[in-house]
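S.K.: Return atomic coordinates for the entry below.
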Amino acid sequence: MGSLHQRIECRRYGSPFSLQSEINGLYRAFASTKSLDIEPGEESAHGSVFGLAFSPTGDVLVAACEKNSILSFDPYSHQKIKTITGAHADCVNCIRFLDSRIFLSCSDDTTVGVWDLRKLDQKAYSLVGHRDWVKSIEYCYKTRLVITAGFDDTIRLWDLNEFSSGAVQGRVVMSVRFIARIVLSPDSAQLVVSSTIGMLAVIQNLDLQSLERDFCDFSMDQCWFSHRKEDFSYLNDEHFTREKNKLKFCYDVLPEMNPLAITSLQMHPKGECLLTRFASSIGDREWSALYVLDDALTLDGNPKLCRYVEEPNKEREYIKEPCFSYDGRIAFSPFSFGLRLLACDDTCGEAVGAVLTQEIARPFSEVKTLISHRNTVLSTRCSPVHMLLASGCLGGNVCFYQPRI
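M.R.: Numbering: from 1, shown residues only. Here you go, the predicted model:
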């Protein structure tokens, strides 16, 4: 076990650190310590760390692990609180908090588990309906509806208030072939869908209650293929012109990127940018890319590529999960046995503000590289309230990072 760093005082956006020079210096001051150490060659009981999530108050970190397990940590002491073995019947893919005590987990066993931090000996109940691996969970605070997506090519909606007799009846609201992941904007106004054929779809002015009706007869994959062939005749369809649940597509990439599968989506805290990670069909390369979602920034109203960086081709078959800092100024990206801190400019300015006046995409500015794992890093997550970062790797190790000040 590594030595513990002193807990830093919580400083929110707008604090004395809001000056550009001090923010830049603070991000460059990151250091790390290990909370769970797996020796080289030793196989962890919980397996690889596929996903991480902080509670809304930042008091708990929960990890989704390969070998059917869930881990919980105290982020302040960097100590593990509990290991839940047999949390699912297969790999646990991601964690999503609904409030300070309830969180959901999704798994390759096709189910979504509902958990209460006060009673972690067993899950409260399961959401059953998907027929293949479940890879994404989102929560709409406006409607209190849960949205899930899986490799069964469906997006499903669940109302947890309907829970009775141990079952919640979810329903399919969209059928999307080649679906990879989904992410919801913080204001629940946009739903982004990524695919395993390298395309992004954005549903704007989102109305979850009418989503099923609006897309019941729509073939998104046909539009994807038409778009790639530069056949835009489908744009006259009402799905692209209606006021609510308006559909946009994105294929704004550099020629050398050629996305093959967009496997990670992270929304900016203000909902104006989207961070993606994807594999390329050219030379077995990987990329991280930042897209602007605001209609005012693009001529056609479609998402626009604004920042990018090539990533090392390590463990290509595994999904890598980047994330934003709590203030949205920095992107943390898995980088071989560590991670990189990426900014839109050298001053660590706000992501959108840094690209408002730029018409062409530019490389990310690399702020710092942290190497602290003995295996390839797969997941990252920043606390929503503290300058605190966590990462998990293929070997099962979890690290915490915070500035030395």
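S.K.: quick one: low-confidence parts of the stretch 1-150 of the chain?
M.R.: 1-23, 34-43 (pLDDT under 70).
S.K.: meant to ask about the stretch 151-300 of the chain
M.R.: For the stretch 151-300 of the chain, residues meeting the criterion pLDDT under 70 lie at 163-167, 224-225, 227-237, 295-300.
S.K.: for it, what spans make up the strands?
M.R.: Counting by DSSP state E, counting those that start in this stretch, residue ranges of the strands within the stretch 151-300 of the chain are 154-159, 171-175, 179-184, 190-195, 200-204, 246-250, 259-267, 273-280, 286-292.
S.K.: Measure how the fourth one sits relative to strand 200-204, angle-wise.
M.R.: Looking back up the chat, that one is strand 190-195. Angle between the axes of strand 190-195 and strand 200-204 is 160 degrees (criterion: axes from the mean of the first three to the mean of the last three CA atoms, to 10 degrees).
S.K.: Out of the strands of the stretch 151-300 of the chain, flag the one nearest Ser226.
M.R.: If you check each of the strands of the stretch 151-300 of the chain against Ser226 by CB to CB, strand 246-250 wins as the nearest, at 9.7 Å. Placement of C-beta: from N, CA and C, glycine included.
S.K.: Direction included, what does the closest one pair against?
M.R.: Sheet partners assigned to strand 246-250 using DSSP bridges are listed as strand 200-204 (antiparallel).
S.K.: for Asn313, helix, strand, or coil?
M.R.: Reduced to three states with DSSP: H, G, I helix; E, B strand; the rest coil, the structure at Asn313 is coil.
S.K.: Count the neighbours of the nearest residue to it once chain neighbours are set aside for me.
M.R.: Spatial nearest neighbour of Asn313, excluding adjacent residues (CB to CB, 6 or more residues apart in numbering): Asp284 at 5.2 Å. Residues near Asp284, counting by other CB atoms under 10 Å, number 10.
S.K.: before we move on, back to that, ok, which of the strands of the stretch 151-300 of the chain comes nearest Ile319?
M.R.: With CB to CB as the measure, strand 259-267 is the member of the strands of the stretch 151-300 of the chain nearest Ile319 (4.5 Å).
S.K.: Who are the packing partners of the closest one?
M.R.: Contacts defined by 3 or more CB pairs under 8 Å, 6 or more residues apart in numbering; DSSP states H and E place strand 259-267 against strand 179-184, strand 190-195, strand 273-280, strand 323-324.
S.K.: Residues in contact with the last one: which ones?
M.R.: Residues from elsewhere that reach strand 323-324, judged by CB atoms under 8 Å, 6 or more residues apart in numbering: Gln266, Met267, His268, Pro269, Leu275, Ile330, Ala331, Phe332, Ala351, Thr380, Arg381, Cys382.
S.K.: Let me know the closest of the residues you listed to Asp294.
M.R.: Taking CB to CB as the measure, Asp294 sits nearest to His268 out of the contacts of strand 323-324, at 10.4 Å.
S.K.: what about the nearest residue to that closest one once chain neighbours are set aside, distance to Ser379?
M.R.: If the residues on either side of it in the chain are set aside, His268 comes closest to Gly328, at 5.0 Å by CB to CB, 6+ apart. As defined by CB to CB, to the nearest Å, Gly328 lies at a distance of 19 Å from Ser379.
S.K.: Those two: which is more packed in?
M.R.: For Gly328 against Ser379, the residue with the higher neighbour count under other CB under 10 Å is Ser379, and the figures read 29 against 21.
S.K.: Trp133 contacts Phe151, doesn't it?
M.R.: Yes. With contact defined as CB atoms under 8 Å, Trp133 counts as touching Phe151 (4.5 Å).
S.K.: Okay, now the unreliable bits of the stretch 301-405 of the chain?
M.R.: Residues of the stretch 301-405 of the chain meeting the criterion pLDDT under 70: 351-359, 405.
S.K.: Which stretches in it count as strands?
M.R.: So, for the stretch 301-405 of the chain - with DSSP E, counting those that start in this stretch - the strands run 304-311, 323-324, 331-335, 338-343, 362-363, 365-371, 377-382, 389-393, 398-403.
S.K.: From the contact counts, what lies against the third one?
M.R.: Using 3+ CB pairs under 8 Å, 6+ apart as the contact criterion, the neighbours of strand 331-335 among helices and strands are strand 273-280, strand 286-292, strand 304-311, strand 323-324, strand 338-343, strand 377-382, strand 389-393.
S.K.: If we use 6 Å, what do you get?
M.R.: When contacts are defined as 3 or more CB pairs under 6 Å, 6 or more residues apart in numbering; DSSP states H and E, strand 331-335 sits against strand 338-343.
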